[in-house]
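Novice: take a look and give me a structure for this.
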Amino acid sequence: MKRKVTKAIFPVAGLGTRFLPATKSIPKEIMTLVDRPLIQYAIDEARAAGIKEFIFVTSRGKSALEDYFDQAPELESALRKKGKDDLLSALKTTNMESGAIAYIRQHKALGLGHAVWCARRLLSNEPFAVILPDDVIAAETPCLQQMVEAYEELGGNMVAAMEVPDDKTHAYGILDVKEDMGSVVSVNAMVEKPEPGTAPSNLAVIGRYILRPDVMGHLNRIKTGAGGEIQLTDAIAREIEDGDNVYGFRFRGQRFDCGSKAGFLQATVAFGLAREDLRDEFSEYLTDVISARTAAQ
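Specialist: Okay, the predicted model is just below:
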């Protein structure tokens with residue numbers, strides 16, 4: 001019987017240098033899309049997928065991220081006294097049960113594979129998820145929930161995947177597809193950031209994973225790969241060699257790369273327009289801006 005996926009790793013140790021100077025004093029994961037931090041979108045997605053234990057791989061300067069999930073009794077009391085029940089309800093979604101969340105330090109920036117490996121002692125012999133908060137996915141059914149449902153049928157290892165333009169494949173881990181079964185593909189190999197023109201497909205790995213515990217053993221033996229880092233895709237590739245049990249999952253939804261400024265702005269517009277309380281006013285403003293720019297040109 002396949003074990004349920006109840007633990008998730010959130011690699012959040014990065015410095016967020018592409019968002020300086022803002023990230024000089026606040027973790028990038030606390031930056032907000034409308035009124036929710038990036039990390040809240042990731043946590044909500046994990047909860048919807050049945051995750052019960054949340055493991056954060058952090059670094060120095062991330063105390064604000066840890067405080068975000070703590071209780072705020074003074075604030076809650078003030079909202080309660082003022083009868084602001086809607087804000088109180090929103091605030092409670094940020095609270096985590098005692099013992100549900102753990103923090104592990106990654107002392108050196110040695111890549112995603114190393115960040116995942118840092119959490120090894122908090123995992124027993126069980127499958128686990130990995131969620132990259134930079135990848136925000138708008139979907140009717142949350143992406144990780146879609147993956148968990150597919151995993152329960154297939155088992156093995158599963159990575160979220162989406163098609164990218166051929167001239168962008170060098171920026172991703174790319175799947176070499178063995179068999180295309182529609183929403184799921186079986187994988188021959190994975191190539192991390194292939195040289196332009198050498199990618200085996202245009203199906204790129206996106207920041208959602210469901211992995212077997214054997215992956216940790218591979219990470220323990222892997223040396224540095226592309227970019228001088230320990231690559232998670234290299235460990236997953238070993239799983240392909242050992243068991244031919246890696247699948248790519250074409251999720252239903254729109255992915256925003258919030259690790260880039262352009263992607264963050266695009267997500268802000270998309271999520272703003274999706275809000276009933278903001279849609280009309282925001283849409284009118286955007287229309288005015290576009291009209292003004294068109295007239296100026």
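Novice: just want the most central residue of the chain.
Specialist: L132 (2.5 Å; Cα atoms, centre = their mean).
Novice: relative to K82, how far out is that one?
Specialist: Going from L132 to K82 by Cβ to Cβ, to the nearest Å gives 37 Å. For every residue, glycine as well, the C-beta is placed using N, CA and C.
Novice: likewise H218?
Specialist: Taking Cβ to Cβ, one finds H218 at 54 Å from K82.
Novice: which one's more surrounded, these two?
Specialist: Between H218 and K82, counted using other Cβ atoms under 10 Å, H218 has the larger neighbour count: 21 against 10.
Novice: quickly find the element holding the more buried one.
Specialist: Secondary structure from DSSP states H and E places H218 in helix 214-221.
Novice: ok, and for the helix or strand that that helix is followed by, which residues are buried?
Specialist: Using DSSP H and E, the helix or strand that follows helix 214-221 in sequence is helix 232-243. Buried residues in helix 232-243, counted by 16 or more other Cβ atoms under 10 Å: L232, T233, D234, A235, I236, A237, R238, E239, I240.
Novice: cool, and stretch 244-257?
Specialist: Residues N245, V246, Y247, G248, F249, R250, F251, G253, R255, F256, D257 are the ones in stretch 244-257 that count as buried (16+ other Cβ under 10 Å).
Novice: avg pLDDT for it?
Specialist: Per-region confidence: stretch 244-257 scores 93 on mean pLDDT.
Novice: end to end on it, go ahead and measure it.
Specialist: Taking Cα to Cα, to the nearest Å, the first and last residues of stretch 244-257 lie 30 Å apart.
Novice: same deal with stretch 64-79?
Specialist: One end of stretch 64-79 sits 21 Å from the other (Cα to Cα).
Novice: closest one of the buried residues of helix 232-243 to L278?
Specialist: L232 (36.5 Å; Cβ to Cβ).
Novice: now that closest one: how far from L88?
Specialist: 39 Å.
Novice: which residues of the protein fall in helices?
Specialist: Remark: helices assigned in the chain by DSSP state H are 38-48, 63-68, 73-81, 85-92, 112-117, 143-154, 214-221, 232-243, 261-274, 279-296.
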